[in-house]
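Novice: predicted model and sequence follow; I will ask about them next.
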Amino acid sequence: MMAPSLDFEPTDIDLPEDALPGGLGPHELPEMMRSLAPPVDEGHDRLDRLVGSVAKLVARFPRWVVLANLSALSVLAWWASLAIELSGGPSHLGSTLVLTTSLGLTLVTVVLVTVLQRMARLGRERGLVGHEARLDPLTGVLSRAGITTDIGRRLEDPSGDGVTGILFCDIDRLKVINDSLGHDAGDQVLQIVAARLAGAVRDNDSIGRFAGDKFVIATSELPAVRDLEILADRLTESLERPVVLADGSSQSVSCSIGIAWTARRAGRRWRPTLDRLGSVTDESVTTGELLRDAGSAMNTVKSGGGVGYALFDPEVRARAVARLQLEQDLRRGLAGGEIVVHYQPILDVATGDADRYEALVRWQHPERGMIHPADFLSVAAESSLIVDIGELVLNQACQQAVEWTEQAGHPVTVAVNMGERQLLDPALVGTVSRALAENGLPPGRLELEITEELVIDKLDQAMLVLRQLELLGVGLAIDDFGTSQASLARLQRLAMVSTLKIDRVFVEGLADASIDRSIVAAVVNLADEIGMSVVAEGVERVDQSRILSDLGVRFQQGFLYQRPGPPEAIDRHIQRLAQRPRLTPVDSGFSSGPDHPAPTDLMSSDHSSSAESSGTGSSSDDNSSDGAASSDPA
């Protein structure tokens, strides 16, 4: 059934294109908008009238007070003289009594008049200031305080049955206009936009400028939520025509609108819930909650490219609350030592040894257990936490590489992932240099991994840092290679990169898809031509390992050999490294021929049997997220 529409037609009060600058000027708009603003509350009107009456009364106080004092003095003098004569007392007693009484009455009267006059003056000033504070001086619509008060009044109105809604409007592209044409042009846009929005609402609706380029429309007593969407369409349509500025230029503007609502039926309040059906509650929704939810819905529109509207979804707020809680927990966990580093070996299948290890961050949560980086690094990346986490991982990895080198009697290299925020941080080179010096690790034994996506999107900004890292002697690798279509021209600029890591998406289909084998072969040939080594990520099955070996991929990483684990889980690889001399390719079981099975001692104990018997490797959640683990930005 079609929801009833709003019972109004918008009055288009927009300016004609020739009105500026010849007709109504932009500086006259606020005066025009004042007539469109909702009337001042009747309670304030009564207060103003009362203050005016008091002021008029007090203004006449001095005249009638003087007359009253003179009359009282005459009467008292006559009575005092009469009393003295009748009693036969001294004549001066009556005069003293009259004088004292008159002076006291005059003093009290003067003090009272002064206080009342000051109260009247302050009352008048407060009334004027309060009226101006309720209006935005630029656009003439309600100010933030004014629209907030109006929303509260609508929510508290006991007779206001129906839907009460808030439409939170953000004007798109205003920043571009401010930056290119100046803030005066931006102010003109705001004035015209305010006039258009005001023309699209009902007479009893309110519009206010909430902040900067954001407007809020408050409406109530609507038949259905659908009517809020109809109003949002009207607001959007009101901005479809270009805005003509005082210099004659035309600017296109649009808005992103978020909608939040509450409804009252038979004295009870309804609100949307996670099941999207609504629930009855006797607790009144607050102005702040409605504004928060409408702002959240507006941000949803903005994140989708802007222009249009969205109703508030309680799930969005639930995710936002959970995300905020996760950030707080992560901040506490970082300070409390809950952030740990796991390692995964990068195996040289020609020898069966592993002298390179990738450092992968994990979060040992006291209640949720081990949390994968995919579940918290995006939160860390939105705050300064990613820099702190990255520095922690870097220091622990350098320290661990030194310890393993001492245990194995052979140099060990660690690879640490760098996210966008870290790579673009000018302090990164100093952080890396300090970590190497404090832990005594030679620069050549540290490799920093950056994703192919960063190479494409942020290469120009990152080149200075990459060159400085090259001068420092640190190795560089491109992670997830093949997933973002990096051009050869960009690779040509990255002469400092020594390793390409083939993404697991190409490894998964090696046994079934000839196209994946062709891609891997092309990457290997490309790497050979430009002098880079190749590492294959996400190797989970023996057949994948054999095909990669046939294609010339010597270094492999994945669950077939070992899951990421704490340092003690790497002991068997370090012990094997300490037992060199190296094995020959035939002895290692990884010759190019199909008749040589993979040695079980190179596989992790919890996956060797399942990998050989089923040929599919592990299907656990950890297995499916190996690619994410291999591309952690920290």
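Specialist: Structure received. No experiment lies behind these values; they were computed from the predicted model shown.

Novice: for the one helix or strand Arg317 maps to, packing partners?
Specialist: Per DSSP states H and E, Arg317 falls inside helix 314-335. Helix 314-335 sits against helix 287-303, strand 353-365, helix 377-381, helix 385-408, with contacts defined as 3 or more C-beta pairs under 8 Å, 6 or more residues apart in numbering; DSSP states H and E. All C-beta atoms are positioned from the backbone trio N, CA, C, and that covers glycine.

Novice: and if we set it to 10 Å?
Specialist: For helix 314-335, the elements it packs on are helix 287-303, strand 339-348, strand 353-365, strand 369-371, helix 377-381, helix 385-408, judged by 3 or more C-beta pairs under 10 Å, 6 or more residues apart in numbering; DSSP states H and E.

Novice: can you list those in CSV and add distance to Arg323 and mean neighbour count?
Specialist: What follows is the helices and strands packed on helix 314-335, written out as CSV (distance: least, C-beta to C-beta, whole Å; neighbours: other C-beta atoms under 10 Å):
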stretch, distance to Arg323, mean neighbour count
helix 287-303, 12, 19
strand 339-348, 18, 23
strand 353-365, 15, 23
strand 369-371, 14, 13
helix 377-381, 6, 21
helix 385-408, 13, 20
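
Novice: what distance do you get for Arg563 to Asp480?
Specialist: 19 Å (C-beta to C-beta, to the nearest Å).

Novice: whoops, Ile171 was the one
Specialist: To Asp480, Ile171 is 38 Å away according to C-beta to C-beta.

Novice: neighbour count: Arg563 and Asp480, which is higher?
Specialist: Neighbour count, other C-beta atoms under 10 Å: between Arg563 and Asp480, Asp480 has more, with 23 against 18.

Novice: let me know whether the more buried one touches Val535 as I believe.
Specialist: No: under the criterion of C-beta atoms under 10 Å, Asp480 makes no contact with Val535, lying 11.4 Å away.

Novice: ranges for the helices of the stretch 101-250 of the chain?
Specialist: For the stretch 101-250 of the chain, the helices defined by DSSP state H, counting those that start in this stretch cover 144-156, 174-181, 183-199, 226-238.

Novice: and those helices, which is most packed in?
Specialist: Ranked by mean neighbour count, the helices of the stretch 101-250 of the chain are led by helix 183-199 with a mean of 21 (mean count of other C-beta atoms under 10 Å).

Novice: quick one: mean pLDDT for that helix?
Specialist: Averaged over helix 183-199, pLDDT sits at 91.

Novice: what residue ranges in this structure are flagged as low confidence?
Specialist: In the predicted model, the chain carries pLDDT under 70 at residues 1-113, 115-133, 160, 266-284, 455, 482-492, 581-634.

Novice: quick one: secondary structure of Thr351?
Specialist: Under DSSP: H, G, I helix; E, B strand; the rest coil, Thr351 falls in the coil class.

Novice: sorry, back to before: CSV for the helices and strands packed on helix 314-335, including distance to Thr164?
Specialist: Below are the helices and strands packed on helix 314-335 laid out as CSV (distance: least, C-beta to C-beta, whole Å):
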stretch, distance to Thr164
helix 287-303, 8
strand 339-348, 46
strand 353-365, 41
strand 369-371, 41
helix 377-381, 34
helix 385-408, 39
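
Novice: shouldn't Phe506 be within a strand?
Specialist: No: read with three-state DSSP, Phe506 is helix and lies in no strand.

Novice: was I right to think it contacts Gly538?
Specialist: Yes: contact between Phe506 and Gly538 holds when scored by C-beta under 10 Å: they sit 8.8 Å apart.

Novice: who touches the nearest residue to Gln461 once chain neighbours are set aside in this structure?
Specialist: Closest residue to Gln461 apart from its sequence neighbours, by C-beta to C-beta, 6 or more residues apart in numbering: Leu424 at 5.6 Å. When contacts are counted by C-beta atoms under 10 Å, 6 or more residues apart in numbering, Leu424 touches 418, 454, 458, 461-462, 464-465.

Novice: show me these that map onto helices.
Specialist: Mapping those onto helices (DSSP state H) picks out 454, 461-462, 464-465.

Novice: widest-spaced pair of those residues?
Specialist: Spatial extent of the ones in helices among the contacts of Leu424 (C-beta to C-beta) is set by the pair Leu454 and Leu464 at 14.2 Å.

Novice: please identify which of those two sits among more neighbours.
Specialist: Set side by side, Leu454 and Leu464 show more neighbours around Leu454, with 22 against 12, by other C-beta under 10 Å.

Novice: what sits against the closest residue to the more buried one other than its chain neighbours?
Specialist: Nearest non-adjacent residue to Leu454, counting by C-beta to C-beta, 6+ apart: Glu420, 5.7 Å away. By C-beta under 10 Å, 6+ apart, Glu420 lies in contact with 381, 386, 450-451, 453-454, 457-458, 461-462, 633.

Novice: may I ask which of those has the most neighbours?
Specialist: Within the contacts of Glu420, Ile450 tops the neighbour count with 27 neighbours, counted by other C-beta under 10 Å.

Novice: quick one, phi psi at it?
Specialist: Reported as degrees, to the nearest 10, the phi and psi values for Ile450 are phi -120, psi 150.

Novice: doesn't Val497 make contact with it?
Specialist: Yes: with contact defined as C-beta under 10 Å, Ile450 counts as touching Val497 (8.5 Å).

Novice: what touches both of the two?
Specialist: By C-beta under 10 Å, 6+ apart, the residues touching both Ile450 and Val497 are 466, 476-478.

Novice: those residues in helices, which ones?
Specialist: Counting by DSSP H, the part of the shared contacts of Ile450 and Val497 found in helices is Leu466.

Novice: with distance to Leu510 and neighbour count added, can I get the shared contacts of Ile450 and Val497 in JSON lines?
Specialist: Below are these laid out as JSON lines (distance: C-beta to C-beta, whole Å; neighbours: other C-beta atoms under 10 Å):
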{"residue": "Leu466", "distance to Leu510": "31", "neighbour count": "23"}
{"residue": "Leu476", "distance to Leu510": "26", "neighbour count": "17"}
{"residue": "Ala477", "distance to Leu510": "21", "neighbour count": "21"}
{"residue": "Ile478", "distance to Leu510": "20", "neighbour count": "23"}
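
Novice: sort out for me which of the shared contacts of Ile450 and Val497 are in strands.
Specialist: 476-478 (DSSP state E).

Novice: CSV please, covering those and showing distance to Gly444.
Specialist: Listed next are these as CSV, based on distance: C-beta to C-beta, whole Å:
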residue, distance to Gly444
Leu476, 12
Ala477, 13
Ile478, 18
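
Novice: all good on my end, thank you.
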